[in-house]
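S.K.: Need coordinates for the following:
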Amino acid sequence: MDTKEVKKLLAEARKNREYGQFAEALAILHQINNEFAGNVQYRYLLAATYYESWSTEAALKYAEEAIQLDPTYKETYELIGDIYDKQGDRKKAITNYEKAYQLDDQYIHIEEKLIQAYLKEREYEKVLTVCDHLIKHTPIDISSAKTRILTSIHMATVLYKAWALVYLKKYEEAIAELFNRREINARTNLPSYPGQYKDDDESIFKMYYKLQNPEKIEAYRALLIENYKLTEEEIKELEEDAKKDIILKRQKHNLS
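M.R.: The predicted model follows:
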């Protein structure tokens, strides 16, 4: 099987994967792997296709074989992490994401997955470490489609950092990050919409309530009433929420 034949078969396998025809794709990939038993990329692709077809045990088997072929292939550790995450074993998922991160600490997909996993495991200091690193190497630049994507990742990471700071009860720092995110949005002229910062402003009100800052509490009470038309009863509910541990609305569905 020469290079031209392999490329043709890989293209056919990719097309089958895109259309959900996994049996056909797997048959092709097994054929290629039989011909090139020592190629880590082909073994990884076989494992990834089993994963896409929800065959996690087979995916894990071939991913582990890929590790044996090349223990420095970071994508394999990411895949193994995804497999364990799908199986509900978040700790093993994190272990493998961390291995991929050790191989490439600017691997954005892994950084995002680690942030989400650390948040769910309530390892907030680790969230801050990864967030700070990711923020450093993602630009704030909307001059091209690629940099706009990176800017969006940057802004999302600032929000994740704010979440971690809230749960660490570092409220002043969390408020600063929420304002930082807002400033980036204004500076880049990214699309905005009415009420975009309502959840943030409610959270900031609750954090100032926690900090017992009367001036800021009154300022935000006025803002919530004037800008978002909250009633006194709704303000009272926010105050009652502030007496408990604060959970930012954006993250309520990201804790499981």
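S.K.: Which parts of this structure belong to which domain?
M.R.: Per the record, the chain has its domains at 1-104, 107-187, 194-256, by automatic domain parsing.
S.K.: Next, format these as CSV and append mean pLDDT and mean neighbour count.
M.R.: Backbone N, C-alpha and C define where each C-beta goes, glycine included. Formatted as CSV, the domains of the chain follow (pLDDT from 0 to 100; neighbours: other Cβ atoms under 10 Å):
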stretch, mean pLDDT, mean neighbour count
domain 1-104, 97, 17
domain 107-187, 94, 18
domain 194-256, 87, 14
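S.K.: which stretches of the stretch 1-150 of the chain form helices?
M.R.: Assigned helices in the stretch 1-150 of the chain, in chain order: 3-18, 22-35, 40-52, 56-69, 74-86, 90-103, 108-120, 124-136, 145-167 (criterion: DSSP state H, counting those that start in this stretch).
S.K.: now those as JSON lines including distance to Leu223?
M.R.: Putting those into JSON lines (distance: least, Cβ to Cβ, whole Å) gives the following:
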{"stretch": "helix 3-18", "distance to Leu223": "48"}
{"stretch": "helix 22-35", "distance to Leu223": "53"}
{"stretch": "helix 40-52", "distance to Leu223": "47"}
{"stretch": "helix 56-69", "distance to Leu223": "49"}
{"stretch": "helix 74-86", "distance to Leu223": "40"}
{"stretch": "helix 90-103", "distance to Leu223": "38"}
{"stretch": "helix 108-120", "distance to Leu223": "28"}
{"stretch": "helix 124-136", "distance to Leu223": "27"}
{"stretch": "helix 145-167", "distance to Leu223": "18"}
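S.K.: Run through the residues that contact the residue positioned nearest the centre of the chain.
M.R.: Nearest to the geometric centre of the chain sits Glu112, at 3.4 Å (Cα atoms, centre = their mean). Applying Cβ atoms under 8 Å, 6 or more residues apart in numbering, we find Glu112 in contact with 134, 153, 157.
S.K.: can you do 10 Å?
M.R.: 97, 130, 134, 153, 156-157, 160 (Cβ atoms under 10 Å, 6 or more residues apart in numbering).
S.K.: re the thing from before, who wins for proximity to Ser203 among the helices of the stretch 1-150 of the chain?
M.R.: helix 145-167 (7.4 Å; Cβ to Cβ).
S.K.: what angle sits between the closest one and helix 124-136?
M.R.: For helix 145-167 against helix 124-136, the angle by axes from the mean of the first three to the mean of the last three Cα atoms, to 10 degrees is 150 degrees.
S.K.: Quick check: the closest residue in space to Ile140 that isn't next to it in sequence vs Leu190, distance?
M.R.: Of all residues not flanking Ile140 in the chain, Thr151 sits nearest, at 5.4 Å (Cβ to Cβ, 6 or more residues apart in numbering). Going from Thr151 to Leu190 by Cβ to Cβ, to the nearest Å gives 8 Å.
S.K.: Now the common contact residues for these two.
M.R.: Common neighbours of Thr151 and Leu190, counting by Cβ under 10 Å, 6+ apart, are 142, 184.
S.K.: doesn't Tyr208 make contact with Pro214?
M.R.: Yes - with contact defined as Cβ atoms under 10 Å, Pro214 counts as touching Tyr208 (8.9 Å).
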